[in-house]
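> Next one to model:
(one chain, ligands or ions: 1)
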Amino acid sequence: MLDKLGWKKSHKVQQQSIQQRMTNLNLEDVPNHIAIIMDGNGRWANKKALPRFVGHREGMQNIRRITRAANSMGVGAITLYAFSTENWKRPSKEVEFLMRLPEEFLTAFIPELMELNIRVEMIGEQEGVPDYTNRAIGKAREETKNNTGMILNFAFNYGGRREIVLAVQQLAQLVQEGTLEPQDIDEDLIAQHLMTSKLPEPDLLIRTSGEIRLSNFLLWQLAYTEFWFTDVHWPEFTAETLLEAVESFQKRNRRYGGLKGE
Ligand code: FPP
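As a prediction, the model looks like this:
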């Protein structure tokens, strides 16, 4: 049995201490936008002598638990790296399996997203993605579009460099048409042409499974984001691990290149 935060009821004692820690969180300083690189589905499955796809399915289920936990902490948006522009290099069977997950996941999760007032968004390119995948994501976006609570943003067929290339192409087009002067291109204008134009920059980046790299994720947007890494594989990343990351975030001193206390 899971409660509304996705914690197992059998872990009652542990759960109470999490609840206690939740109440100790500074609600004024919960990260507004958390970006997550959900790594380690394959290694989690390997560890259990299970096929990789079982790891991906478990990882998918975990999105549900972590969405609930982030929502109950008062997070404004989470962006999940679900499929990168580089993931096409994987064996076709695995790619096909990953392409089927949004359909399975979102169909089952939409009623709960409606209840929680959560809006689904997506960044990444639809081109090259099977119709059934685009349709599933499109349906979830459409059905949740009037929800005003947390944003659940999937990065799907997404690459940070590709995103910047597309933004540069759009701006170059405007210059060519004579509607934009090159000297008027500034950081704000570039940000407005990124796929995340409607989202605040992430306050916290989490990567699971021990790798300490960005893997082409949100390269522009993470310039002043706080990073938090854990060895835990994504399927084992719990509400408590999320809480640990947020607690660490709250101890950071974000200076944005300025001086302490300014
Ligand atoms: C990284 O683990 C994970 C991925 C490339 C895919 C992440 C996808 C999900 C968690 C499910 C997506 C679900 C929806 C609804 C979009 P890995 O396979 O690279 O693990 P490894 O590094 O241990 O091999």
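> Spit out the contact partners of the residue of the stretch 1-150 of the chain at minimum distance from the ligand.
Taking CB to the nearest ligand atom as the measure, the point where the stretch 1-150 of the chain comes nearest the ligand is G42, at 2.5 Å. (Glycine included, C-beta is placed from N, CA and C.) By CB atoms under 8 Å, 6 or more residues apart in numbering, the residues touching G42 are 52, 55-56.
> go again using 10 Å as the cut-off
50-56, 59, 90, 94, 209, 233-234 (CB atoms under 10 Å, 6 or more residues apart in numbering).
> Using PDB, write out every CA atom in stretch 255-262.
What follows is stretch 255-262, C-alpha atoms only, in PDB (Å, rounded to 0.1, in the frame of the first residue of the first chain):
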ATOM      1  CA  ARG A 255      25.500  33.600  -5.300                       C
ATOM      2  CA  TYR A 256      25.000  33.700  -9.100                       C
ATOM      3  CA  GLY A 257      28.500  35.000  -9.400                       C
ATOM      4  CA  GLY A 258      28.000  37.700  -6.800                       C
ATOM      5  CA  LEU A 259      29.300  37.700  -3.200                       C
ATOM      6  CA  LYS A 260      28.000  35.900  -0.200                       C
ATOM      7  CA  GLY A 261      25.100  37.800   1.500                       C
ATOM      8  CA  GLU A 262      24.500  40.200  -1.300                       C
END
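> can you give me the helices in this protein?
Along the chain, the stretches classed as helices by DSSP state H are 12-24, 41-47, 52-73, 92-115, 131-144, 160-177, 187-192, 239-250.
> Quick one: neighbours of the residue nearest to M38 when sequence neighbours are not counted, just the number.
Closest residue to M38 apart from its sequence neighbours, by CB to CB, 6 or more residues apart in numbering: W234 at 4.2 Å. Neighbourhood size, W234 [other CB atoms under 10 Å]: 29.
> Distance check, W234 against E211.
11 Å (CB to CB, to the nearest Å).
> Which neighbours do these two have in common?
Shared contacts of W234 and E211, defined by CB under 10 Å, 6+ apart, comprise 37, 39-40.
> Nearest to K198 among the residues you listed?
For the shared contacts of W234 and E211, the closest approach to K198 (CB to CB) belongs to I37, at 21.3 Å.
> Would you mind listing the residues in contact with that closest one?
By CB under 10 Å, 6+ apart, I37 lies in contact with 79-81, 84, 155, 205-209, 211, 213-215, 217-218, 229, 234.
> How about the residues of the stretch 101-250 of the chain by the ligand?
101-102, 105, 154, 209, 234 (CB under 6 Å from any ligand atom).
> May I ask which of those residues has the most neighbours?
Top of those by neighbour number is W234, holding 29 neighbours under the definition other CB under 10 Å.
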